[in-house]
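> Everything below, folded, please.
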Amino acid sequence: MTQKVCTASGKLAHSGKLTAVGAAALGAGLSGWGEAQAVPIVTDVNLTAPNGDLTSFTIDLNNDGIDDFRFSSLSGDFSYNYDGNSEVGSATLNVIEGLNGNLIQSTYAQARLTSRLVGGGETDVGYYDSGPFAKQLQAGDLVNVGSGAAQAFLTFYSQSVYTYADYDGVSVYEYTTRSLSEWDDNPIGFVGLLFQDAFGTFFSGYAAVEVGSVTVTRFGFESEVFGELIVGSGQPANQPVPGPGVLTLLALGATGVLAMRRRRQSESVLH
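From the prediction side, this is the model:
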């Protein structure tokens, strides 16, 4: 019996043959254990979309040669004139896009807008609904196909600072807008991913993300249809753990080997 171990690269490594006694004991113990789910495939990477003009990278979650998700960062200065008004400022935007019908778990968040008259006046603060954002998950959370809302294009983080010259050409206002998503309080987390195979069947996955300058350090997926995945882990959520029966049988097998060796040693002494 050869045990197969799935590595990060997706290749199979062989751990060697079990002893006959150990294999027999293990087989007997597993007969009442039930079928185990496949171990999720986890890949460690270091992919970054640095701030600047639009930069991006893609990940192929299940290594089938087809890109599944695109992570993008846009940061820079802007200026334009419209109907006698002028705006000058800078902005940063981090987004994730599901390709080929793939989806990202989402949540809703507000944004904060502050404004003040340059040279005097009080600062006004307002809030508005800025729409859906990529939901932030933490290690230990669960991802499955039916868990919450999901969309194909979502923002992680957005911020802009700009000055606005009013129609009179004299009054100048400074505006700052900032998203109030979970990523603003904690720039490091996980995002839940839902991707589909060539037959349109969805599988669950995740990616470890840091926003600001978008970086992905790990991604993984559950190879079981409609499987449930523990975020940040290389183990499926309901992976069985060997019970006392298996351990007892292994111990009995080892005891049997020792007893047989002692018997043979005794026989050799008598003869």
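> can you map out the helices along this structure?
20-30, 182-185, 244-270 (DSSP state H).
> For the first one, the averaged confidence score.
What that stands for is helix 20-30. The average pLDDT within helix 20-30 is 32.
> Repeat that for the longest one.
Looking at helix 244-270 alone, the average pLDDT works out to 45.
> For the residue nearest to N102 when sequence neighbours are not counted, give the beta-bridge partners.
Spatially, and ignoring its direct neighbours in sequence, N102 is nearest to F195 (4.2 Å; CB to CB, 6 or more residues apart in numbering). Backbone N, C-alpha and C define where each C-beta goes, glycine included. Under the criterion DSSP bridges, F195 forms beta bridges with F203.
> Check F190 too.
L137, A208.
> who's in contact with it?
136-139, 141, 206-209, 231-232 (CB atoms under 8 Å, 6 or more residues apart in numbering).
> Nearest to L93 among these?
Ranked by distance to L93 (CB to CB), the contacts of F190 are led by V209 at 14.6 Å.
> how far away is the closest one from E122?
37 Å (CB to CB, to the nearest Å).
> which stretches of the chain have low pLDDT?
Residue ranges of the chain with pLDDT under 70: 1-39, 82-84, 147, 166-170, 235-271.
> ok, 80 please
1-40, 51-53, 78-87, 118-122, 145-148, 164-171, 223-227, 233-271 (pLDDT under 80).
> what sits opposite F153 in the beta ladder?
Beta-bridge partners of F153, as defined by DSSP bridges: E97.
> is it true that it touches N102?
No. Applying CB atoms under 8 Å, one finds F153 not in contact with N102, separated by 10.8 Å.
> Compare neighbour counts for those two and give me the winner.
Per other CB atoms under 10 Å, whichever of F153 and N102 has more neighbours is N102, with 22 against 14.
> In contact with that one, which residues are there?
N102 sits in contact with 68-69, 152, 193-196, where contact means CB under 8 Å, 6+ apart.
> now L61
68-69, 193, 195, 205, 219, 221.
> I'd like these as a markdown table, with neighbour count and distance to S86 appended.
Shown next, in a markdown table, are the contacts of L61 (neighbours: other CB atoms under 10 Å; distance: CB to CB, whole Å):
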| residue | neighbour count | distance to S86 |
| --- | --- | --- |
| D68 | 23 | 42 |
| F69 | 25 | 37 |
| L193 | 27 | 41 |
| F195 | 24 | 44 |
| G205 | 28 | 45 |
| F219 | 25 | 43 |
| F221 | 24 | 48 |
